[in-house]
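> Quick check, what structure comes out for this input:
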Amino acid sequence: MFGVFGHKIYSKTNLLTRGFDDYFLAPHSRYTEVRKEDIEKVNDLEILADSEEAGIYLVATRDLRRIFITVIQNMILLPSNRNMTGILQKVSI
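Below is the predicted model of the structure:
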């Protein structure tokens with residue numbers, strides 16, 4: 001899957017999505033699938049944004065210590081500090 005897809009926000013009050021438009025465009029380029037059902041089974045994870053066409057886009061733990069963006073073949077894990085500074089770290093799916 002590759003291209004730019006429309007996404008919707010689930011929580012306008014979440015620290016990560018506050019200020020986002022209800023609908024936004026984001027790129028995807030991957031050969032894998034991140035299934036919504038799998039994420040929903042983990043109580044500590046919250047889906048913050050997804051696309052009907054491209055699927056899950058933004059997921060975080062409820063305490064915001066781990067943030068996952070499913071964009072380019074790997075998920076990107078942001079550092080665990082709340083102000084989100086530091087170097088991005090790629091992890092395999």
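> Off-centre distance for stretch 40-50?
For stretch 40-50, the distance from its own C-alpha centre to the chain's C-alpha centre is 9 Å (Cα atoms, centre = their mean, to the nearest Å).
> What residues sit buried inside that stretch?
If you call a residue buried by 16 or more other Cβ atoms under 10 Å, then stretch 40-50 has these buried ones: Leu45, Glu46, Ile47, Leu48, Ala49, Asp50. (C-beta placed from N, C-alpha, C; glycine too.)
> in the chain, which spans are helices?
Taking DSSP state H as the criterion, the chain carries its helices at 36-40.
> Give me the most central residue, it.
Nearest to the centroid of the C-alpha atoms of the chain, with distances taken as Cα atoms, centre = their mean, sits Leu58, at 1.3 Å.
> Correct me if wrong: it contacts Ser11.
No - Leu58 is not in contact with Ser11 according to Cβ atoms under 8 Å; the separation is 10.0 Å.
> Mutual contacts of those two, please.
Overlap between the contact sets of Leu58 and Ser11, as judged by Cβ atoms under 8 Å, 6 or more residues apart in numbering, is given by Thr17, Leu48.
> could you dump the buried residues of stretch 40-50 to TSV with pLDDT?
Rendered in TSV, the data for the buried residues of stretch 40-50 read as follows (pLDDT from 0 to 100):
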residue	pLDDT
Leu45	93
Glu46	94
Ile47	94
Leu48	95
Ala49	94
Asp50	92
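> Strands - which of the residues you listed land there?
Secondary structure from DSSP state E places Leu45, Glu46, Ile47, Leu48, Ala49, Asp50 of those in strands.
> and the third one, how far is that from His7?
What it means is Ile47. Taking Cβ to Cβ, to the nearest Å as the measure, Ile47 and His7 are separated by 11 Å.
> what's the overlap in contacts for the two?
In the contact map built from Cβ under 8 Å, 6+ apart, the residues linked to both Ile47 and His7 are Leu58.
> quick revisit: the residue nearest to the centre of the chain: what's it in contact with?
Leu58 touches His7, Leu16, Thr17, Ile47, Leu48, Ala49, Asp50, Ile67, Phe68, Ile69, Thr70, counting by Cβ under 8 Å, 6+ apart.
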